[in-house]
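Participant: The sequence and its predicted three-dimensional model are supplied below.
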Amino acid sequence: MVVALSSVLAPPFMEVILRISDLVDDPDLDIRLRVPGGQDRLNRPITWCAPTEHMDPTPFLSVNALVLTNGMGLNVKDFRIWDAYVERLISVPVSGLAFGLGAAHSELPDGLLHACEVHGLPLLQLPPEVPFVLVMRHVERVIASERYEELRKGWELADNCTRLAADGHSLAEVLGRVANAVNARVAVIDQNAFELVSAGAAHGGTARTTLRLPSGASEQFRLSIEGIGSNVVLQPILGPVAAVIGMQLSYTLGSRSPLHSREAARFMEALYGDRGEPSAPLPRYALEAGFDPDGAWGSVLIGSSEEVEPAKLRAVAWRARVGLEADFGTVRFMEETGLTSLLLQHRHGTADLLNSVREFFLDAPELSVIVTESASLSELPLTLQLARRHMGRPGVHQAPLADLAGIVQGLPSPGLVAMCRRLLAPLAADGASAIRETFDAYLRHSGNSTKICDELFIHRNTLSYRLRKIEALLQLDLSDGEVRATCMLALHIATTS
């Protein structure tokens, strides 16, 4: 299913609102504006008409109601009573006051005119031949037309987003369509207020609100809207599309989606289990998980320390993997205790993976995130294991291309392993673990006697004695740099295989 570009890039919803100024400009109503009110008061929307003759109608009013009265209960000349009456209306606040002339008042009371001017309340004068019912019918007809238009646009937006989702577009792209429609910044947030994905920008508006997305009881997500005009009614516009976003979010994060599939977990478990020996199932597992075995790979490992709440780790990992769909066509993940592994393929454009990842962890600097890339499937197992060894340091970091352990793990020959163990066997045969510990420390510290002695809590003479004994047992000259490098590799191979 193909979505026309015009529907994806449609302009924001146009606001169709009935204002006080619209009533004044309507020649059929013959309404006269006597007091314009404060700044921009004539632009306040009218939500409904409230005919009343109470001296204090505020318990029956709501914001932006148009009050209609003949003043039957206010046939007084005391300015203070009129002032108190208008002050109560402003406190709601109502959009304006329409005063009907007739039997109770043949002209507007001076006290009412003065009070409206003081408090900045728009005051409309209705001639005797214009009944309240005519004004009410006009207002209700316009408001009904507006509500229909809002509902129509809301369902049109939902239909466009449904088409985008059905055509394989990511949740980020669907949110981008919504943000464009309401001309605001929209984001999906979880119950901990962490953003999973966002789109758009706040264009100077001050209003911020949220709508609950349909979801299970255990996963309560909301749609946050920031920077929208305060007089835009969101529910009719975003109500229908909220269901679409909720369904796509549930599918994206659900156990049956490709993102979180059994095939993806099996593939990643095989990758972590690979120890450098050729694994025939890996290409097949990659295909079944939706990857291209011959393509390049990106990987992101997200971990935490004991101080980080598991809920926070999961929320931020969700945000990253959903958001990365905007830059990568294929995103899969596997969750373990304290660690989430992401695999990425089919990059859109030339976006830098490290920079793309950083933006998802700006508010979670305590997490440890390792980013790495592999040119082929044959590199991927070692790349993941290397990245895993570098977990623990807070922040987002690029993994090195290779380390000693990775090189050693890439040497799968069983004969090499046996050779290395035979080379080191005399140290074990001696029966003293201190000799093996000294040898290991000597190689790690490149022969630095001070560091070796500090680590092992031994005297320099003891160190010299042990090194002579090691040379005798192995029949090697440790002053030779190539010999030391060979011993270091042999020790790593023997202990990790």
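Facilitator: Sure, I can see it. Numbering: from 1, shown residues only.

Participant: Any figure for the gap between A202 and R185?
Facilitator: Using Cβ to Cβ, to the nearest Å, A202 is found at 5 Å from R185. All C-beta atoms are positioned from the backbone trio N, CA, C, and that covers glycine.

Participant: Let me see the contact set for D159.
Facilitator: For D159, no contacting residues are found, by Cβ atoms under 8 Å, 6 or more residues apart in numbering.

Participant: mind checking how far it is from R177?
Facilitator: 11 Å.

Participant: and if you look at L367?
Facilitator: L367 is 31 Å from R177, by Cβ to Cβ.

Participant: A144 and L61, how far apart?
Facilitator: 21 Å.

Participant: what about the two, which has more around it?
Facilitator: Applying other Cβ atoms under 10 Å to A144 and L61 shows that L61 carries more neighbours, namely 20 against 10.

Participant: Excluding residues flanking it in the chain, which one is nearest the more buried one?
Facilitator: V92 (5.0 Å; Cβ to Cβ, 6 or more residues apart in numbering).

Participant: L124 now?
Facilitator: A98 (4.3 Å).

Participant: Beyond the helix or strand hosting the one you found, next helix or strand please.
Facilitator: Assigned by DSSP states H and E, A98 falls within strand 96-100. Downstream of strand 96-100, the first helix or strand assigned by DSSP H and E is helix 110-119.

Participant: R321 and P214: what is the separation?
Facilitator: Going from R321 to P214 by Cβ to Cβ gives 21 Å.

Participant: An error on my part: the question was meant for R484.
Facilitator: 64 Å.

Participant: So between these two, which is more surrounded?
Facilitator: R484 (17 against 13).

Participant: How is the protein partitioned into domains?
Facilitator: 32-129, 148-253, 258-409, 414-496 (automatic domain parsing).

Participant: Need these in JSON lines (columns: mean pLDDT).
Facilitator: Formatted as JSON lines, the domains of the chain follow (pLDDT from 0 to 100):
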{"stretch": "domain 32-129", "mean pLDDT": "88"}
{"stretch": "domain 148-253", "mean pLDDT": "75"}
{"stretch": "domain 258-409", "mean pLDDT": "84"}
{"stretch": "domain 414-496", "mean pLDDT": "85"}
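
Participant: do you know which of these lies nearest R19?
Facilitator: Closest approach to R19 among the domains of the chain is made by domain 32-129 (5.4 Å; Cβ to Cβ).

Participant: Which parts of the stretch 201-350 of the chain are strands?
Facilitator: 207-212, 222-228, 297-303, 328-336, 339-347 (DSSP state E, counting those that start in this stretch).

Participant: JSON lines for the ones you listed, including mean neighbour count and distance to M488?
Facilitator: What follows is those, written out as JSON lines (neighbours: other Cβ atoms under 10 Å; distance: least, Cβ to Cβ, whole Å):
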{"stretch": "strand 207-212", "mean neighbour count": "14", "distance to M488": "57"}
{"stretch": "strand 222-228", "mean neighbour count": "21", "distance to M488": "54"}
{"stretch": "strand 297-303", "mean neighbour count": "23", "distance to M488": "27"}
{"stretch": "strand 328-336", "mean neighbour count": "19", "distance to M488": "31"}
{"stretch": "strand 339-347", "mean neighbour count": "21", "distance to M488": "29"}
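
Participant: CSV for those, including distance to Y272?
Facilitator: Formatted as CSV, the strands of the stretch 201-350 of the chain follow (distance: least, Cβ to Cβ, whole Å):
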stretch, distance to Y272
strand 207-212, 38
strand 222-228, 35
strand 297-303, 11
strand 328-336, 9
strand 339-347, 8
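
Participant: closest to L463 out of these?
Facilitator: Using Cβ to Cβ, the nearest of these to L463 is strand 297-303, at 37.4 Å.

Participant: what pairs with that closest one, and is each one parallel or antiparallel?
Facilitator: strand 339-347 (antiparallel), strand 368-374 (antiparallel) (DSSP bridges).

Participant: following the longest helix anywhere in the chain, which helix or strand shows up next?
Facilitator: Longest helix of the chain, by residue count under DSSP state H: helix 132-166. Per DSSP H and E, helix 132-166 leads on to helix 171-182 as the next helix or strand towards the C-terminus.

Participant: now the angle from that next one to helix 132-166?
Facilitator: 160 degrees (axes from the mean of the first three to the mean of the last three Cα atoms, to 10 degrees).

Participant: Helix 171-182 packs against which elements?
Facilitator: helix 132-166, strand 185-189, strand 195-199, helix 234-253, helix 310-323 (3 or more Cβ pairs under 8 Å, 6 or more residues apart in numbering; DSSP states H and E).

Participant: from the chain's centre, how far out does it sit?
Facilitator: Computed by Cα atoms, centre = their mean, to the nearest Å, the chain-centroid distance of helix 171-182 equals 13 Å.

Participant: Same question for stretch 449-458.
Facilitator: Using Cα atoms, centre = their mean, the offset of stretch 449-458 from its chain centre is 50 Å.

Participant: before we move on, what about stretch 456-463?
Facilitator: That offset, for stretch 456-463, works out to 56 Å (Cα atoms, centre = their mean).

Participant: Next: stretch 473-490.
Facilitator: 53 Å.

Participant: In it, which residues are buried?
Facilitator: Across stretch 473-490, burial judged by 16 or more other Cβ atoms under 10 Å covers 473-474, 478, 484, 487-490.

Participant: Could you dump these into CSV and include secondary structure and distance to V35?
Facilitator: Shown next, in CSV, are these (DSSP: H, G, I helix; E, B strand; the rest coil; distance: Cβ to Cβ, whole Å):
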residue, secondary structure, distance to V35
L473, helix, 105
L474, helix, 103
L478, coil, 100
R484, helix, 95
C487, helix, 96
M488, helix, 91
L489, helix, 92
A490, helix, 95
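
Participant: Could I get those in a markdown table, plus columns for distance to P122?
Facilitator: Shown next, in a markdown table, are the buried residues of stretch 473-490 (distance: Cβ to Cβ, whole Å):
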| residue | distance to P122 |
| --- | --- |
| L473 | 101 |
| L474 | 98 |
| L478 | 95 |
| R484 | 90 |
| C487 | 91 |
| M488 | 86 |
| L489 | 87 |
| A490 | 91 |
